[in-house]
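Chemist: what's the 3D shape of this:
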Amino acid sequence: MSTTTSHIPPEPEGQPEGGTGTGTGTGTRPVRLIQNEATTEIPVHLLFRDEIDPVKVPLKPAVVGRRQGTGEQPRLGRPAPVRRRPLPQVDPELVERPGWVLPGAAGALAGACGLTGCLATTWWAGLIPSFAAQALRMPAYAGAGLGPAQWAAYTGAGALGALGFGGLTRGRTGRAWVLGLFGRYRGTVRRTGLLWVNPLVRRNRVDVRLRHWRSEAMSAADPDGMALRVVVLVVWRVRDTARAVLGIEDHETYLRECVEAALARVPVEPAGGNRGGVTAAGDALTRLVATEAAGIGVEVFSVQPVRVEYAPEVAAAMHRRRIAALDARQRATMLSSVVDSVEDTVTRLTVRGLVELDDYERKVLVRDLTVAFCSGRAEPV
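Modeler: Numbers count the residues shown, from 1 in each chain. Take a look at the predicted model:
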């Protein structure tokens, strides 16, 4: 094996220890270097420092090529933490705002005015029979016939009546109307009672009451990875009608899929476990589903498992396992109780001086008492 001889250049003669190689007398000590034909110049003081120096000394290509194939692995940095990509958000400008409506009395008045105008135009044209005019107590008029003026009056009065009566609607408590005109969002109506809404706009009715949904049996897993069938109860309501109706195709279907995805990520422990049970799983599911559904204007209050049972393929095995665990727990409890009773009995007998026992007799008494107590505890009540 050939070795590489390092060469340390000597200090210049005629200079003090604290001088520089340039003779300026500034008092700085020259930096000692290690240099050979295969490595670059490395300051000596960097070889004996524990802390990491920010100065990086590049290696020559010859050194890099010699290290290849030797099995030496490069130093890997700490891997960056995996960050979950945020959920895509709907249009930020799509936010619920009040829609423009009028009281229902205004629409009814406009419709009545249009109807009256049509009736007056008919009388003006002389198209009302005499008996009808007498019944309506209208003055006799021969009529001018149907001319351009009469047709214009008919058109205006008819349009006013159609707009007045056609825009009447009834707002109910717990219901809202999402209005749209020519593909654009025009606002949301949450008012109740008789209202007048522009009949040219498109109306989508939305239920904004507090609602609950009981799911079918969904697939899940316990903390040990065993398959479960879980039924959950979701309490929710629509908070932003614009995003819930226009920002997504079907917000109810999206909510169901969010619950299924959360069940696939959150382990659910059956009742009686030592890891929080269904309460801890419900809290985790609520936080997860509420975060994912907030972007579409749906507010989730609670996601609680109401029925948790093992899947049919593992139900029998888990039942036997649970029975065995209960039996072992009961045996351990009974044995502890028997040992305590035997110890208390022997201690009282010896402390009070009722009997004097040597080691052999003590062992025999302990054995007999243990058998007696175990037999008594094992008898069914």
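Chemist: use CA for all of it now, contacts and neighbours both
Modeler: Will do.
Chemist: Export only the CA atoms of the helix or strand encompassing W151, formatted as CSV.
Modeler: Here W151 sits within helix 148-166, counting by DSSP states H and E. Output of helix 148-166 as CSV, limited to C-alpha atoms (Å, rounded to 0.1, in the frame of the first residue of the first chain):
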residue,chain,number,x,y,z
PRO,A,148,-101.5,50.2,-32.0
ALA,A,149,-102.2,52.2,-28.9
GLN,A,150,-104.4,49.5,-27.4
TRP,A,151,-101.9,46.8,-28.2
ALA,A,152,-99.1,48.8,-26.6
ALA,A,153,-101.3,49.3,-23.5
TYR,A,154,-102.0,45.6,-23.5
THR,A,155,-98.3,44.7,-23.7
GLY,A,156,-97.3,47.1,-20.9
ALA,A,157,-100.1,46.1,-18.5
GLY,A,158,-99.6,42.4,-19.2
ALA,A,159,-95.8,42.6,-18.6
LEU,A,160,-96.4,44.5,-15.4
GLY,A,161,-98.9,41.9,-14.2
ALA,A,162,-96.7,39.0,-15.1
LEU,A,163,-93.7,40.4,-13.3
GLY,A,164,-95.7,41.3,-10.3
PHE,A,165,-97.5,38.0,-9.8
GLY,A,166,-94.7,35.8,-11.3
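Chemist: which parts of that helix are buried?
Modeler: By neighbour count on 16 or more other Cα atoms under 10 Å, the buried set for helix 148-166 is 150, 153-154, 157-158, 160-166.
Chemist: Equivalent analysis for stretch 235-249, please.
Modeler: 235-247.
Chemist: And stretch 99-117, by the same measure?
Modeler: Neighbour counts over stretch 99-117 (16+ other Cα under 10 Å) mark 99, 104, 107-108, 110-115, 117 as buried.
Chemist: ditto for stretch 289-303
Modeler: So, applying 16+ other Cα under 10 Å, buried residues of stretch 289-303: 289-290, 292-303.
Chemist: Between the two ends of that stretch, what distance do you get?
Modeler: 8 Å (Cα to Cα, to the nearest Å).
Chemist: Give me the mean pLDDT for that stretch.
Modeler: For stretch 289-303, mean pLDDT rounds to 93.
Chemist: now, which of the buried residues of stretch 235-249 sits nearest R367?
Modeler: For the buried residues of stretch 235-249, the residue nearest R367 by Cα to Cα is V235; the value is 60.6 Å.
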